[in-house]
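# pasting the sequence and the predicted coordinates here, then a few questions.
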Amino acid sequence: MTLKAVAGRIGRTHANLLHHFGSASGLQKELARHLAETICVGIREAVIASRSGIGSPRDVVDLTFDAFDREGAGALASWMLLTGNEDALDPIVDVIHDLVVELNEFGSDTMRGTTLTLVLMALGDAQMGGPLSQALELPRNAARDYAARMLDAATEQAKLTQAG
């Protein structure tokens with residue numbers, strides 16, 4: 001992704017984007033921040049709905065997996081890592097941290113660990129879930145199913161811990 005290519009695609013000049021973002025790295029970092037914030041709004045709503053009995057932990061899993069696959073966060077993260085732009089991942093990490101804090105889960109080792117595992121599963125699934133599930137003769141949604149069971153168990157554990 002170059003500033004010139006992006007500028008041409010959106011009908012702006014290279015200089016215009018350079019002024020606003022400073023570099024292709026700056027553009028990628030801003031894109032990562034925007035994508036993470038947008039996705040986390042939906043995940044936040046799904047977590048709140050799940051806690052109130054309206055939704056389910058599977059909704060959270062599907063949103064997370066879709067974010068990395070269909071929404072492109074996995075491809076963006078891979079590109080940034082391959083090009084040596086690791087600091088562009090900071091906004092994604094920061095937004096996930098802030099979401100966990102906002103949902104009052106930061107003090108829970110179980111939910112922080114579950115968040116870490118869910119995000120890494122979704123990222124890995126976006127990168128090679130299709131070929132790997134096929135090679136292992138598993139349904140394409142097998143990783144989502146395992147993640148949903150993990151989140152169900154973590155949610156139950158959190159409820160037990162809170163109760164007592």
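Yes, it's here. Numbering: from 1, shown residues only.

# how about residues contacting the helix or strand harbouring Ala75?
Following DSSP states H and E, one finds Ala75 within helix 73-82. By C-beta atoms under 8 Å, 6 or more residues apart in numbering, the residues outside helix 73-82 that reach it are 1, 28, 31-32, 35-36, 39, 67-68, 86, 88-89, 92, 122-123, 126-127. Using the backbone N, CA and C atoms, a C-beta is placed for each residue, glycine as well.

# now with 10 Å?
With C-beta atoms under 10 Å, 6 or more residues apart in numbering as the test, helix 73-82 has contacts from 1, 25, 28-29, 31-32, 35-36, 38-39, 64-69, 72, 85-89, 92, 119, 122-129.

# from these, which would you call buried?
Among the contacts of helix 73-82, those buried by neighbour count (16 or more other C-beta atoms under 10 Å) are 25, 28-29, 31-32, 35-36, 39, 64-69, 85, 88-89, 92, 119, 122-123, 125-127, 129.

# ranges for the helices of the protein?
Using DSSP state H, the helices of the chain run over 3-10, 14-21, 24-51, 57-68, 73-82, 90-102, 109-135, 142-163.

# got a markdown table for these, with mean pLDDT too?
Formatted as a markdown table, the helices of the chain follow (pLDDT from 0 to 100):
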| stretch | mean pLDDT |
| --- | --- |
| helix 3-10 | 69 |
| helix 14-21 | 71 |
| helix 24-51 | 82 |
| helix 57-68 | 92 |
| helix 73-82 | 83 |
| helix 90-102 | 85 |
| helix 109-135 | 91 |
| helix 142-163 | 86 |
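
# buried deepest among these, which one?
Of all the helices of the chain, helix 57-68 has the most neighbours on average by mean count of other C-beta atoms under 10 Å, namely a mean of 22.

# just checking, what packs against it?
When contacts are defined as 3 or more C-beta pairs under 10 Å, 6 or more residues apart in numbering; DSSP states H and E, helix 57-68 packs onto helix 24-51, helix 73-82, helix 109-135, helix 142-163.

# which one of those helices lies nearest to Val100?
Closest approach to Val100 among the helices and strands packed on helix 57-68 (C-beta to C-beta): helix 109-135, 5.6 Å.
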